[in-house]
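Peer 1: Have a look at this fold, sequence not included:
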């Protein structure tokens, strides 16, 4: 059976319009989902000038000064150079929560916190400014084992996303080399001066 050309054209246009409408509806749903859910891939992670998968940020040394752009490097000194800062280094800090040593001059500027993947400030690090509602968006969900508060930053790390659930809070310039039962439990953070 042969169909006249006009029927084929109408059929093709109908299929095209239905596909277009379906695609637009899916895009609108995705957009509304990402605006309703805090941090669903609105983040851009840059490693040596190239975009990488955001959840890989925990494999590097990164900072969130320009959040939702996260900049990552191979070492903490590279982060410090990008920020124009010097990470405070203390003497032996054996206790769980220790104030920053008096002989250390913190970097000038705004308050921030440095989170580490290992206890005793080891492993990779995330220098946090402000707040992050979903640490999982940048691969840092349940990955923090020690924290430094710098420039009188007062970080509050929550066990749930969206700043909910129980939390760990450091005071001004307090370093926590071990988080005890909070080790590897944080999903969001607010860092205030």
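Peer 2: Yes, it's here. Predicted model only: the values in this text are computed from it and were never measured.

Peer 1: Residue 62 is in what secondary structure piece?
Peer 2: strand 61-63 (DSSP states H and E).

Peer 1: Partner strands of that strand and their direction?
Peer 2: Sheet pairing of strand 61-63 (DSSP bridges) gives strand 69-73 (antiparallel), strand 122-128 (parallel).

Peer 1: Could you save those as CSV and add columns showing mean pLDDT?
Peer 2: Output for these, formatted as CSV (pLDDT from 0 to 100):
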stretch, mean pLDDT
strand 69-73, 98
strand 122-128, 97
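
Peer 1: Among those, which comes closest to residue 163?
Peer 2: Nearest of the strands paired with strand 61-63 to residue 163, taken as CB to CB: strand 122-128 at 13.3 Å. Where C-beta positions appear, they are placed from N, C-alpha and C, glycine not excepted.

Peer 1: Please spell out which residues along the closest one are buried.
Peer 2: In terms of neighbour count (16 or more other CB atoms under 10 Å), strand 122-128 has its buried residues at 123-128.

Peer 1: try stretch 162-173
Peer 2: So for stretch 162-173, counting by 16+ other CB under 10 Å, buried means 163, 167-168, 170, 173.

Peer 1: List just the nearest of those to residue 150.
Peer 2: Sorting those by distance to residue 150 puts residue 173 at the head of the list, at 6.9 Å, by CB to CB.

Peer 1: Can you tell me which of the buried residues of strand 122-128 lies closest to residue 71?
Peer 2: residue 127 (9.6 Å).

Peer 1: Residue ranges of each domain in this protein, please.
Peer 2: 1-36, 44-192 (automatic domain parsing).

Peer 1: between the ones you listed, which gets the lowest average pLDDT?
Peer 2: Among these, domain 1-36 carries the lowest mean pLDDT, at a mean of 42.

Peer 1: Tell me which residues touch residue 156, please.
Peer 2: Listed by CB atoms under 8 Å, 6 or more residues apart in numbering, the contact set of residue 156 reads 163, 167-169, 189-192.

Peer 1: Looking at those, which one is closest to residue 68?
Peer 2: In terms of CB to CB, no member of these lies closer to residue 68 than residue 189, at 14.3 Å.

Peer 1: measure the closest residue to residue 82 other than its chain neighbours to residue 177 for me?
Peer 2: Excluding its sequence neighbours, the residue lying closest to residue 82 (CB to CB, 6 or more residues apart in numbering) is residue 71, at 6.0 Å. Separation of residue 71 from residue 177 (CB to CB, to the nearest Å): 26 Å.

Peer 1: Equivalent analysis for residue 68, please.
Peer 2: Noted for residue 68: a distance of 30 Å to residue 177, by CB to CB.

Peer 1: who has more neighbours, those two?
Peer 2: Using other CB atoms under 10 Å as the criterion, residue 68 and residue 177 rank with residue 177 on top: 22 against 15.
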